[in-house]
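A.B. asks: just to be clear, the model below is a prediction. Sequence and coordinates:
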Amino acid sequence: MSATASPAYPTTWRPPSLFGSRRRRFIFWAAVVAYVIWSVSDLNIDGNRILAGLPRALDIFARMVPPDFSRWEMLLSGMVESIQIAIASTIVGALLAIPIGLAAAANLSPRPLYFLARGFIVIGRTFHEVIIAIFFVKLFGFGPVAGLLTLAFSSAIFLGKMLAEDIENMKEGPVEAIRATGASFGQVVGYAVVPQVMVKSLGVLIYRLDANLRHSTVIGIVGAGGIGQTLSASFSRYDFDFSSAILLTIAALVALGEWFSDWARRRLR
Amino acid sequence: MKANANQRRDGGAQPKRIYPDQWERHTPRERLTQWLWLLGGAFAAVWSVSALDIEWAFFADAHEQAADLIQRMWPPRWSYLPVVVRPLIETIHIATLGTMISIVLALPVAFLAARNTTLNQGTWLLGRAILVLSRSINTVIWGLLFVAIFGPGPVAGICAVAARSVGFIAKLVAEAIEEVEAGQIEAVEATGAGTFQIYGIAILPQILPVLIGTSIYRWDINVRESSVLGFVGAGGIGLLLYASINQFAWSQVLVILIAILAIIIISEALSAYVRSRIT
């Protein structure tokens, strides 16, 4: 910045780059390209097979196009089963979530119990519902019970985690006030914790009901009941017009569930 | 209680107010609605459980089955670990490539589905329809569909992950576009910029943090999703897991589960770290 020479003003404008410098941008995109090349070659992706798939995709779509709702009774019973699994698992999960949530809240539970509950949450959350469903299918046989228990398990962990976080974020004042009256642990929970976390927990519960509805459509693939079982069967029989009917029904139901969940949570607030 | 008391004072009919001897937390009306809610919940639970035709006999020996399973699983067969490595990498590839494709596809869909950037009512409906369809079908079900198209293998998995993620990313980005600051759009508009210049220069920089954050978040969900895509033949570690379960090779299953646990926890931590750096 010398005073004598007039500064060279740029004659063109470029929007500021996200990467700070051109070099960094180049390195980023080079890394992306390198990764794509490496992964594609690593996966042995066969271009010919993808090309061969395109006409097949057209064929499948053509066969899907008038969705076949003639077997609506089967469709309906599968859907109702999925909804039942979703409702029952949300309720069972919510009941189980209460002890998990209390145990995993750092400000209420003793240290060893806290670590145990947190570890349980971390491990339980990791596995996909379908993996958990396999185990419940092994233990309880094929059918909706396995689905119910799977979703109850994963809901309990999800709701427990959210509950624990709400409890940790609540105001300490009411807890101290109730404790000062000589209240027992149960009374502290009932009069100081529950009023503070109730509304938010109900919102999370409704969200989870909606999520369970979505998950209940998929666990049928490993034999855990619901519409997923019907869908998977229709795919393996190349019964694509029935599959598309099921897919459209699932999409409608999930959209409806999402709309309901948004509406209910907005009313809660 | 308070409102009640005030009313009485206004009326002035009662000279004396009746005070309760005991503190009650809820009014009778509140208690009634609470009971009704509980009753409704119980009814829903009973209806959904009873209609499922549960074979209660299965519960009787479930604990024995569980004990048996654990016994068969332990100790994990660590010699199997080298076999697991390649499918694990494949799983991460499926998640990453699928997410990359979905970012590219999600941007135009997001612009279509946002009210302030869509062209007309028809394109808005199209955008929304893509969002709903993509989001309401689970990744695994997308996997079923793409396996039917491309045959079993990672390509079907990548397409499935991409198909499900488009809706997820586009929905959040579309919400960000709708909340974009109008001043910047006007400023760029005033320079005589075309529609796409406005999108690129006024809107894109504002939504970029959301786009990047959402994509990274979706990536770590996708690692979890692609761990089971193999169940329907769409590649990744799920294939091996499914095969091991069907062979009752439980000590092998345990090794695979531990491996899945490791990559999911690592990817979750990585995603959380990168997102905390960005925002």
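C.D. replies: Looks like it arrived, so ask away. Residues are numbered from 1 along each chain as shown, chains lettered A, B, ... in the order given.

A.B. asks: CA atoms for contacts and neighbours, from now on please.
C.D. replies: OK.

A.B. asks: residue closest to the middle of chain A?
C.D. replies: With distances taken as C-alpha atoms, centre = their mean, chain A has A:A211 as the residue nearest its mean C-alpha position (6.1 Å).

A.B. asks: what about that residue, which helix or strand?
C.D. replies: Following DSSP states H and E, the helix or strand that holds A:A211 is helix A:194-216.

A.B. asks: list the buried ones in that helix?
C.D. replies: Across helix A:194-216, burial judged by 16 or more other C-alpha atoms under 10 Å in any protein chain shown covers A:196-197, A:201, A:203-216.

A.B. asks: with stretch B:244-251 instead?
C.D. replies: By neighbour count, with 16+ other C-alpha under 10 Å as the criterion, the buried positions of stretch B:244-251 are B:244-245, B:250-251.

A.B. asks: could you point out the helix or strand that follows the helix or strand of chain A with the lowest mean pLDDT?
C.D. replies: When each helix and strand of chain A is scored by mean pLDDT, DSSP states H and E, helix A:47-64 comes last, with a mean of 81. Sequence-wise, the next helix or strand beyond helix A:47-64 is helix A:72-103, with elements assigned using DSSP H and E.

A.B. asks: show me what that following helix is packed against.
C.D. replies: Using 3 or more C-alpha pairs under 8 Å, 6 or more residues apart in numbering or on different chains; DSSP states H and E as the contact definition, the elements that helix A:72-103 packs against are helix A:111-126, helix A:144-169, helix A:194-216, helix A:227-236, helix B:28-50.

A.B. asks: average pLDDT for it?
C.D. replies: Mean pLDDT, helix A:72-103: 88.

A.B. asks: now that helix: buried residues?
C.D. replies: Applying a neighbour-count criterion of 16+ other C-alpha under 10 Å, the buried positions in helix A:72-103 are A:75, A:78-98, A:100-103.

A.B. asks: follow-up on the earlier one: from the buried residues of helix A:194-216, which are also near chain B?
C.D. replies: When C-alpha under 8 Å from any C-alpha of the partner chain is applied, the members of the buried residues of helix A:194-216 adjacent to chain B are A:214-215.

A.B. asks: and for A:R63, the neighbour number?
C.D. replies: As a burial measure, the neighbour count of A:R63 was computed by other C-alpha atoms under 10 Å in any protein chain shown and equals 16.

A.B. asks: ditto for A:P112
C.D. replies: By the criterion of other C-alpha under 10 Å, A:P112 has 10 neighbours.

A.B. asks: returning to what we had before: which strands and helices sit next to the least confident helix or strand of chain A?
C.D. replies: Judged by 3+ C-alpha pairs under 8 Å, 6+ apart, the packing partners of helix A:47-64 are helix A:240-268, helix B:139-150.

A.B. asks: nearest to B:I130, out of the ones you listed?
C.D. replies: helix A:240-268 (10.9 Å; C-alpha to C-alpha).

A.B. asks: quick one, the closest one and helix B:139-150 angle?
C.D. replies: 160 degrees (axes from the mean of the first three to the mean of the last three C-alpha atoms, to 10 degrees).

A.B. asks: now helix A:240-268: mean pLDDT?
C.D. replies: Helix A:240-268 carries an average pLDDT of 85.

A.B. asks: what distance do you get for the closest residue in space to B:V255 that isn't next to it in sequence to chain A?
C.D. replies: Setting aside the residues directly before and after it, B:V255 is nearest to B:P76 in space (C-alpha to C-alpha, 6 or more residues apart in numbering or on different chains), at 5.7 Å. Here the criterion is C-alpha to the nearest C-alpha, to the nearest Å. By it, B:P76 lies 17 Å from chain A.

A.B. asks: these two touch, right, B:P76 and B:A249?
C.D. replies: No - with contacts counted by C-alpha atoms under 8 Å, B:P76 stays clear of B:A249, the gap being 10.3 Å.

A.B. asks: anything in contact with each of these two?
C.D. replies: Here B:P76 and B:A249 have no joint contacts, going by C-alpha atoms under 8 Å, 6 or more residues apart in numbering or on different chains.

A.B. asks: B:G230: what's it in contact with?
C.D. replies: Taking C-alpha under 8 Å, 6+ apart as the contact definition, B:G230 lies against B:236-240, B:242.

A.B. asks: please redo it, this time with the cut-off set to 7 Å
C.D. replies: Taking C-alpha atoms under 7 Å, 6 or more residues apart in numbering or on different chains as the contact definition, B:G230 lies against B:236-239.

A.B. asks: any stretches of the stretch 1-150 of chain B with poor pLDDT?
C.D. replies: Counting by pLDDT under 70, the stretch 1-150 of chain B contains low-confidence ranges at B:1-15.

A.B. asks: re the thing from before, a markdown table for the helices and strands packed on helix A:47-64, including distance to B:A60?
C.D. replies: Shown next, in a markdown table, are these (distance: least, C-alpha to C-alpha, whole Å):
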| stretch | distance to B:A60 |
| --- | --- |
| helix A:240-268 | 34 |
| helix B:139-150 | 32 |
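
A.B. asks: need those in TSV with mean neighbour count and distance to B:A129, can you?
C.D. replies: What follows is the helices and strands packed on helix A:47-64, written out as TSV (neighbours: other C-alpha atoms under 10 Å in any protein chain shown; distance: least, C-alpha to C-alpha, whole Å):
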stretch	mean neighbour count	distance to B:A129
helix A:240-268	18	10
helix B:139-150	25	16
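
A.B. asks: would you mind saying which of those helices lies nearest A:I131?
C.D. replies: Between A:I131 and those, the shortest gap by C-alpha to C-alpha is with helix B:139-150, which sits at 12.0 Å.

A.B. asks: which other helices and strands does that closest one contact?
C.D. replies: The criterion is 3 or more C-alpha pairs under 7 Å, 6 or more residues apart in numbering or on different chains; DSSP states H and E, and the helices and strands that helix B:139-150 contacts are helix A:47-64, helix B:154-178.
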